[in-house]
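J.: predicted structure and sequence below. I'll ask about it afterward.
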Amino acid sequence: MLKQIEGSVAVAEAVALCRPEVVCAYPISPQTHIVEGLGRIVASGALGSCQFINVESEFAAMSVAIGASAAGARAYTATASQGLLFMAEALFNASGLGLPIVMTVANRAIGAPINIWNDHTDAMSQRDCGWIQLFAETNQEALDLHIQAFRLAEELSLPVMVCMDGFILTHAYERVDMPTQEQVDHYLPPFEPRQVLDPAEPVSIGAMVGPEAFTEVRYLAHAKQMQALDLIPAWAAQFRRAFGRNSGGLLHAYAIDDAETVVVALGSVLGTVKDTVDEMRSRGAKIGVLGITCFRPWPLAAVSAMLSGAKRVVVLEKSLAVGVGGIVSTNVRTTLTGRAVPVYDVIAGLGGRPITKASLERVFVDAMNDELRLTTFLDLDAAVVEKVLHRESETRRSGPLAENVLREMHGIPAR
Amino acid sequence: MAFQPVKYYQTGTFTVGNRLLPPEVRAVQSSERRSNALNSGHRACQGCGEALGARYAIDAAMQATNNRLIAANATGCLEVFSTPYPETSWQLPWIHSLFGNAAAVATGIAAALKAKGKAGVRVVAQGGDGGTTDIGFGCLSGMFERNDDVLYLCYDNEAYMNTGVQRSSATPPAARTATTTAGNVFNEGKNLPAIAMAHGIPYVATATIADLHDLEHKVKRAMQLCGARYIHVLVSCPLGWGHASDASIRIARLAKETGLFPVFEAERGELTSVSHIRHKVPVEEYLRPQRRFAHLFAPKLRSDVIAALQDIADRNIERFGLLDRPG
């Protein structure tokens, strides 16, 4: 059924169609509308005995989900930014215990400086926590990915994180096609775990594992994620047959066949990238786009195949590994090991900075001329950072950084 | 001969005297049908108070729930010594997740049971004092505040024993730990039973391993109630406290008989019963056998510190009426 609704509400409705049994909620912008929406649905009685629990922190949210999942309930929560970091210990625990929890991450920057707007630093900081990470390009894909996420999670006994850009998607009103309950029920059978906490069959879960077996346990975690590389496209294909839409999978390629320059990106920015590429193509540029839907596991073989014809790659990413550069670009470079293809890294949209077509075209053209620096910060205010760096080179002592940048920008003497 | 009720402590010792009691109040542990939920063969130290307390508490909860019980366990001694996989001492469904989230995991289990309509299955969470009063305090307070249907059992041995005896917020004043080498300072620490009572939850109780029948009674009482319940059990630790491994029960009894550890019950934030002191003893008798207090006796007798500890005991006696004769 077609609806014109907010992204968060669409996700809440899609999660409700998946019949969760325990939902834990702790508010953090820009995730709030999702859990508010689910709270309304649970309160309406539409989800039967589903338990909606207002917890006291994100650490508790994930911990309650762990307990619920281990006791055999389909468990869901949502978070963002600082909240994701606050539950970091429990994230590793959920994946280590093999609990198929599904969580939405409404992607947002990490402070300090505190910033509530969108980038991917939160999800990227947890890329090695053993969760499957899927990135939505549109609100339609966001809601579809949640339905696929529960199927994948329960099939693989692994938790799945569905990442959607905070505000840009969560707060955008767009047309979405909401599936029916019958369609979702057909695609997603009830949760029937192999092992649950049950007095009829007592088990001990979460025992200590020493050096004699820890490597094997970690290897199997890796092997399961590798299996996901086959299952994710398979379940996306089945989704396409059942729902008539192309959502999810590992990658989305666009105008890539004859492309000499390929732009790799994740999430909602792909729309702007495609528009930019369309305009450049109309002027004869051989440029294409590779959207990464599945970031963990990293689809190395699929990315490698998609980039087989590329003469250069531009990775446009909303995250920064301080002291290294890009995070996605590091994965792309690993993929292209042994191939003489330059990988340009464009760090963009940090803390919600708009990514415009004009700026994108500028860096894409520079890349096509191989005049781009290997790591570029899109639309960086070079004058401000140079001033700050210059001043700091004169007096080396610790002090405020974020506040001084703002002072510089507003013409107030720095401290 | 006039009717004379059977005295609980007939022998003049503190032995439970089980065979003299009517069957319905006999100790769970004396029954051949006890669940042995924490089975023998685990790796606790000799004389471990926590192992003793946990066995009595969980078996009592098992009996009260007709063996329909699930446990969530915080990281700590109890978790480590009970589950050197593939061996496990637990004869009930049991999960260990993290150090600081046992209460929240238990909330999740209780929620799942409710969602699945398994109303008859109950949930306990358990942890040491570190996992309860420090790192797990946020989750515990959240569980209390939401009145989730969980009994939380804190086995308090007054420091981080699993990591080698470091100070926790339950470490008593003057006690020496690896991180309070000059003795823990006064006027610090948390009174968690009082904090639990302040949440207004259905049931809060304290107990020691010196009166295991009382511990069983309190667990059974807790399992008659629904909502958030808290039992704080003082469990002596021969390793961390520095006493003989055969002195665990005696030391725990002295903690109660000095007034340093008041034993009581409370419902909805109101005190409902206290265990009276039978033979009041000065705190010195409790302190002297423990190496963690050895610096109070040598090289110089620290009468000032001992007096300050006696003050704490006397305040407890006053506040809880621990010397009042039962009416």
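T.: Structure received.

J.: just give me the longest helix of chain B.
T.: helix B:303-320 (DSSP state H).

J.: okay, buried residues for that one please.
T.: B:Val305, B:Ile306, B:Leu309, B:Gln310, B:Ile312, B:Ala313, B:Asp314, B:Asn316, B:Ile317, B:Phe320 (16 or more other Cβ atoms under 10 Å in any protein chain shown). From N, CA and C alone the C-beta is placed, and that goes for glycine too.

J.: show me which of those neighbour chain A.
T.: Applying Cβ under 8 Å from any Cβ of the partner chain, the subset of those adjacent to chain A is empty.

J.: any chance of JSON lines for those residues, columns pLDDT?
T.: What follows is the buried residues of helix B:303-320, written out as JSON lines (pLDDT from 0 to 100):
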{"residue": "B:Val305", "pLDDT": "98"}
{"residue": "B:Ile306", "pLDDT": "98"}
{"residue": "B:Leu309", "pLDDT": "98"}
{"residue": "B:Gln310", "pLDDT": "98"}
{"residue": "B:Ile312", "pLDDT": "98"}
{"residue": "B:Ala313", "pLDDT": "98"}
{"residue": "B:Asp314", "pLDDT": "98"}
{"residue": "B:Asn316", "pLDDT": "97"}
{"residue": "B:Ile317", "pLDDT": "97"}
{"residue": "B:Phe320", "pLDDT": "97"}
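
J.: grab the most central residue of the chain for me.
T.: Let's take chain A. The centroid of chain A falls nearest to A:Cys163 when counting by Cα atoms, centre = their mean (3.2 Å).

J.: you looked at the wrong chain, it should be chain B
T.: Mean-position check on chain B, Cα atoms, centre = their mean. Result B:Val233 at 0.8 Å.

J.: quick check: that one vs chain A, distance?
T.: 22 Å (Cβ to the nearest Cβ, to the nearest Å).

J.: now name the helix or strand holding that residue.
T.: B:Val233 belongs to strand B:229-234 when assigned by DSSP states H and E.

J.: from A:Gly249, how far off is A:Glu201?
T.: Counting by Cβ to Cβ, to the nearest Å, the gap from A:Glu201 to A:Gly249 is 38 Å.

J.: what about those two, which has more around it?
T.: A:Gly249 (22 against 9; other Cβ atoms under 10 Å in any protein chain shown).

J.: pLDDT at the nearest residue to the more buried one once chain neighbours are set aside, what is it?
T.: Spatial nearest neighbour of A:Gly249, chain neighbours left out: A:Ala236 (3.8 Å); criterion: Cβ to Cβ, 6 or more residues apart in numbering or on different chains. On the pLDDT scale, A:Ala236 is placed at 96.

J.: please report phi then psi for the residue nearest to the centre of chain A.
T.: phi -100, psi 130 (degrees, to the nearest 10).

J.: tell me who's in contact with residue 100.
T.: Chain wasn't specified; assuming chain A. Contacts for A:Pro100 (Cβ atoms under 8 Å, 6 or more residues apart in numbering or on different chains) come out as A:Ser69, A:Phe150, A:Ala153, A:Glu154, A:Leu156, A:Ser157, A:Leu158, A:Pro159, A:Val160, A:Phe191, A:Pro193.

J.: right idea, wrong chain: chain B
T.: With Cβ under 8 Å, 6+ apart, B:Gly100 has these contacts: A:Phe59, A:Glu89, B:Ala74, B:Gly131, B:Ile135, B:Gly136, B:Gly138, B:Cys139.

J.: now do 10 Å
T.: Going by Cβ atoms under 10 Å, 6 or more residues apart in numbering or on different chains, B:Gly100 touches A:59-60, A:63, A:89-90, B:74-75, B:127, B:130-132, B:134-140.

J.: which of these count as buried?
T.: Here, 16+ other Cβ under 10 Å leaves A:59-60, A:63, A:89-90, B:74-75, B:127, B:130-132, B:134-140 buried among those.

J.: among those, which are in helices?
T.: A:Phe59, A:Ala60, A:Ser63, A:Glu89, A:Ala90, B:Phe137, B:Gly138, B:Cys139, B:Leu140.

J.: what about the closest residue to chain A within chain B, which helix or strand?
T.: Residue of chain B nearest chain A, by Cβ to the nearest Cβ: B:Gly108 (2.5 Å). If you go by DSSP H and E, B:Gly108 is part of helix B:102-115.

J.: extract the C-alpha trace of that helix and format it as PDB.
T.: The C-alpha atoms that make up helix B:102-115 are tabulated as PDB, following Å, rounded to 0.1, in the frame of the first residue of the first chain:
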ATOM      1  CA  ALA B 102      22.700  -8.800  34.700                       C
ATOM      2  CA  ALA B 103      19.600  -6.900  35.900                       C
ATOM      3  CA  ALA B 104      18.800  -5.700  32.300                       C
ATOM      4  CA  VAL B 105      19.300  -9.200  30.800                       C
ATOM      5  CA  ALA B 106      17.000 -10.500  33.500                       C
ATOM      6  CA  THR B 107      14.500  -7.800  32.500                       C
ATOM      7  CA  GLY B 108      14.700  -9.000  28.900                       C
ATOM      8  CA  ILE B 109      14.100 -12.600  29.900                       C
ATOM      9  CA  ALA B 110      11.100 -11.600  32.000                       C
ATOM     10  CA  ALA B 111       9.800  -9.600  29.100                       C
ATOM     11  CA  ALA B 112      10.200 -12.500  26.700                       C
ATOM     12  CA  LEU B 113       8.400 -14.800  29.100                       C
ATOM     13  CA  LYS B 114       5.600 -12.400  29.300                       C
ATOM     14  CA  ALA B 115       5.400 -11.900  25.600                       C
END
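
J.: circling back: neighbours around the residue nearest to A:Gly249, how many?
T.: 22.

J.: quick one: the helices in the stretch 201-327 of chain B, in order.
T.: B:212-224, B:248-258, B:283-287, B:303-320 (DSSP state H, counting those that start in this stretch).

J.: list the buried residues in the shortest one.
T.: To tie it back to what came earlier, the one meant is helix B:283-287. B:Val283, B:Glu284, B:Tyr286, B:Leu287.

J.: rewinding a little: quick one, the longest helix of chain B and helix B:248-258 angle?
T.: Angle, helix B:303-320 to helix B:248-258, by axes from the mean of the first three to the mean of the last three Cα atoms, to 10 degrees: 70 degrees.
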